[in-house]
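Sequence first, then the predicted structure, then my questions.
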There are 2 protein chains.
Amino acid sequence: MTTTLPDAARALLDAPEQATIATVEPDGQPQLSPVWVKRDGDDILFSTTRGRRKPQNIERTGQVSVLVWPKDQPYSYLEVRGSATITDDPTGALIEELSQKYTGGPYAAEPEGTQRVIVRVSPRKVLWRG
Amino acid sequence: MTTTLPDAARALLDAPEQATIATVEPDGQPQLSPVWVKRDGDDILFSTTRGRRKPQNIERTGQVSVLVWPKDQPYSYLEVRGSATITDDPTGALIEELSQKYTGGPYAAEPEGTQRVIVRVSPRKVLWRG
């Protein structure tokens, strides 16, 4: 059962604002990372690589939460709690697109063998404080 | 078993940078909130109120994680995974101190009966990307 995002929350996700994502470690402790995000309909997408804790936690739990606020309005924020799936991104298309969005340039070269994946978060619960 | 913070991480926590904290809901989903923080030695303190999900989750799990980055250097960041305890703050001294730190002025009046508490996060694992 997924839900939708208010228009202002969509606009926030379309801006180059750094987001925080949370997964949960096997011992129950939350694990936090700053990420670049893009919106696809009501879903939130970010890029990570195989071998990190994030994708391992996501494959185990199927859960990700996302928090983002505008740098110039830190008391507005969007929290999304969602179900998450992982797909391979062998060409790194998403990280390239995100790099263009956030930096205006290409993404730095990565070590040979880096396996990029796309995490898609479908909102189950949305809190928007405008 | 707690650990210590690098000097640069201490300086970041001493600046008025908004942090993100994560707790875990009973269903295992991470819950994220933006908070004002202060540092006390190597511990991170923030204020919340009784009746919210945060203190309920913290009392159940004893775990909080914190992420913070400098607004003008978003690729530096500090992640702290810690054990957390809650104490009463009947006069709201901490939220007043945090309001002065972050806004330079007093905290807005709160509804009668608001019960402020202090959450103290003692680092068990620290990731500093400077």
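In hand now; what should we look at? Since we're looking at a predicted model, the values are computed, not measured. Numbers count the residues shown, from 1 in each chain, chains lettered A, B, ... in the order given.

Quick check: chain neighbours aside, which residue is closest to the residue most central in space within chain A?
Taking Cα atoms, centre = their mean, the centroid of chain A lies closest to A:Phe46, which sits 3.8 Å from it. Among residues not flanking A:Phe46 along the chain, A:Val35 sits closest, at 4.4 Å (Cβ to Cβ, 6 or more residues apart in numbering or on different chains). Where C-beta positions appear, they are placed from N, C-alpha and C, glycine not excepted.

number of nearby residues for that neighbour?
When counting by other Cβ atoms under 10 Å in any protein chain shown, one arrives at 19 neighbours for A:Val35.

try the one 10 residues further on
When counting by other Cβ under 10 Å, one arrives at 20 neighbours for A:Leu45.

Need the phi and psi values for it.
phi -120, psi 140 (degrees, to the nearest 10).

Could you check how far it is from B:Glu17?
Separation of A:Leu45 from B:Glu17 (Cβ to Cβ, to the nearest Å) stands at 26 Å.

Quick check, pLDDT for the residue nearest to A:Phe46.
As predicted, A:Val35 sits at a pLDDT of 97.

my guess is it contacts A:Glu17, does it?
No - counting by Cβ atoms under 8 Å, A:Val35 stays clear of A:Glu17, with 10.9 Å between them.

mind saving the C-alpha coords of the longest strand belonging to chain A as PDB?
The longest strand of chain A (DSSP state E) is strand A:116-129. Below are the C-alpha coordinates for strand A:116-129, written out as PDB (Å, rounded to 0.1, in the frame of the first residue of the first chain):
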ATOM      1  CA  ARG A 116      26.200   0.500  -9.200                       C
ATOM      2  CA  VAL A 117      22.600  -0.200  -8.100                       C
ATOM      3  CA  ILE A 118      19.400   1.800  -8.000                       C
ATOM      4  CA  VAL A 119      17.300   1.900  -4.900                       C
ATOM      5  CA  ARG A 120      13.700   2.800  -5.500                       C
ATOM      6  CA  VAL A 121      11.700   3.900  -2.400                       C
ATOM      7  CA  SER A 122       7.900   3.700  -2.700                       C
ATOM      8  CA  PRO A 123       6.300   5.900   0.000                       C
ATOM      9  CA  ARG A 124       4.100   4.100   2.500                       C
ATOM     10  CA  LYS A 125       4.000   7.000   5.000                       C
ATOM     11  CA  VAL A 126       4.600  10.700   4.200                       C
ATOM     12  CA  LEU A 127       5.100  13.500   6.600                       C
ATOM     13  CA  TRP A 128       5.400  16.900   5.000                       C
ATOM     14  CA  ARG A 129       5.900  20.000   7.200                       C
END
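
The nearest residue to A:Gln18 once chain neighbours are set aside: how many residues sit nearby?
Nearest residue to A:Gln18, sequence neighbours excluded (Cβ to Cβ, 6+ apart): B:Pro74, at 4.8 Å. B:Pro74: 15 surrounding residues under other Cβ under 10 Å.

before we move on, what about A:Thr103?
Number of residues near A:Thr103 (other Cβ under 10 Å) recorded here: 12.

So what's the predicted local confidence for it?
So A:Thr103 comes in at 96 (pLDDT).

What of A:Glu110?
pLDDT for A:Glu110: 91.

show me the contacts for it.
Going by Cβ atoms under 8 Å, 6 or more residues apart in numbering or on different chains, A:Glu110 touches A:49, A:92, A:116.

Looking at the residues you listed, which is nearest chain B?
A:Thr49 (15.6 Å; Cβ to the nearest Cβ).

Flag every buried residue along the longest helix anywhere in chain A.
Of all the segments assigned as helix in chain A under DSSP state H, the longest by residue count is helix A:93-103. Neighbour-count burial for helix A:93-103 flags A:94-95, A:98-99, A:102 (criterion: 16 or more other Cβ atoms under 10 Å in any protein chain shown).
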